[in-house]
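K.L.:
Need coordinates for the following:
(2 chains)
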Amino acid sequence: MNKISLNSKVSLLEIILSVIIFAAAGIIMLNCFGIARFTQIRANDKTAAGAIIQSDFEIIKSLKSPAEMHEFLNDSYDEKISDNPIMFTKYFDENWVQGRGKDYTVTVTVEEENLNSGSLVSINISAQRTKPYPFIKKGGQDIYSVDSKKFFPLTGGAYE
Amino acid sequence: MNRRTNVSLGMGGTLVVTVFVVLCLMIFAALSFTTAYSDLKLSIKAQEITADYYLIQGKAEEKLAEISEVLHGIDTGGDKTSIFRKLSLIDGIEVDEENSRISYEAAGQKNQKISVSLNIVIEDKVYYEIESWNLSNIELPVYEDQIIDLWEGVE
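P.N.:
Predicted coordinates for the structure are as follows:
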């Protein structure tokens, strides 16, 4: 009958050294995996926030008057947080589903300038994360921010 | 008959295995970080281009408001030449009086511009109609011609 015996001539010093190396490398690796995970989440957040912000901008661009814009903002945003300047916000959960959580916020700021021939509206739409990203110090909680303007004429302005 | 086989890791064997495992995990960690960072760079690039697009869109709308204000203040009793002379005073506007058309551009920093062309309608009041509102590149890439000799089927 064959017998295999594992004759491990491992010194205590070697075991201690291995454990120290593994522990030191483990700390670095866990950090690296953590940074990688939340960097990926941040990249995904930018994409999701970009889609939501662009969609809102395109809707506002297609509207005909400031009244229609206010109606749209009242209907599609969760709450009005300020009157001067006009600010609306809507909340999203971690999967970017509106109204299920407050992990992310999308805020629109509208400043209206009344001219003789119409209204020039300055619009800023930004997305933030309510809690900072763990492991990542750079970048803060701001995810996406876009500034633009829209002119609502009283007469003319239509495409031919 | 009993045969004993001795398998020994020997001195330093544990250390070698530990270092190998640590090295493998380090490579995985570095690769996952590199992938995530590449995705983030792509998202940032897309964000910059989008923000630039909406910024030039805003500039174009601002210029439109300026034109609209000028048109609003014009007396309809005036002749066409005086109307277009007033419009030509606006910075960055190209006037085509013959075709009753004005055009302007709003340029961004990410090689994109919006070219706007407006028809000026003079009736009981003077107003504009948007003829075109186009997004295009400021500079298009130049590709060098590469001539490849193809076999034409006849020697």
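K.L.:
Mind jotting down where the helices sit in chain B?
P.N.:
For chain B, the helices defined by DSSP state H cover B:13-72, B:80-88.
K.L.:
Likewise for chain A?
P.N.:
A:12-62, A:66-76.
K.L.:
Relative to residue A:81, how far out is the residue in chain B positioned nearest to chain A?
P.N.:
When scored by Cβ to the nearest Cβ, chain B has residue B:127 as its residue closest to chain A, at 3.2 Å. For the C-beta atoms, the positions are set from N, CA and C on the backbone; glycine is no exception. For residue B:127, the distance to residue A:81 equals 37 Å [Cβ to Cβ, to the nearest Å].
K.L.:
At the geometric centre of chain A, which residue do we find?
P.N.:
Closest to where the C-alpha atoms of chain A average out (Cα atoms, centre = their mean) is residue A:143, at 3.9 Å.
K.L.:
So that residue sits against residue A:47, correct?
P.N.:
No - look at residue A:143 against residue A:47 with Cβ atoms under 8 Å: they stay out of range, at 9.9 Å.
K.L.:
returning to that earlier point: between residue B:127 and residue A:81, which is the more surrounded one?
P.N.:
Shown here are residue B:127 and residue A:81; by other Cβ atoms under 10 Å in any protein chain shown, residue B:127 has more neighbours (22 against 13).
K.L.:
how close does that one get to residue A:45?
P.N.:
Where residue A:45 is concerned, residue B:127 sits at a distance of 44 Å (Cβ to Cβ).
K.L.:
Residue A:100 now?
P.N.:
Applying Cβ to Cβ, the value for residue A:100 to residue A:45 is 16 Å.
K.L.:
Compare those two (neighbour count), which wins?
P.N.:
residue A:45 (24 against 12).
K.L.:
and residue 40, what does it touch?
P.N.:
Went with chain A since none was named. If you count contacts by Cβ atoms under 8 Å, 6 or more residues apart in numbering or on different chains, residue A:40 has them with B:35, B:36, B:39, B:40.
K.L.:
wait, I meant chain B there
P.N.:
Going by Cβ under 8 Å, 6+ apart, residue B:40 touches A:39, A:40, A:42, A:43, A:46.
K.L.:
and if we set it to 10 Å?
P.N.:
By Cβ atoms under 10 Å, 6 or more residues apart in numbering or on different chains, the contact set of residue B:40 is A:39, A:40, A:41, A:42, A:43, A:44, A:45, A:46, A:136, A:139.
K.L.:
now the helices of chain B as a markdown table including distance to residue A:20?
P.N.:
As requested, these are arranged in a markdown table below (distance: least, Cβ to Cβ, whole Å):
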| stretch | distance to residue A:20 |
| --- | --- |
| helix B:13-72 | 10 |
| helix B:80-88 | 78 |
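K.L.:
Could you tell me the least trusted of those?
P.N.:
Least confidently modelled of the helices of chain B is helix B:80-88, at a mean of 87 by mean pLDDT.
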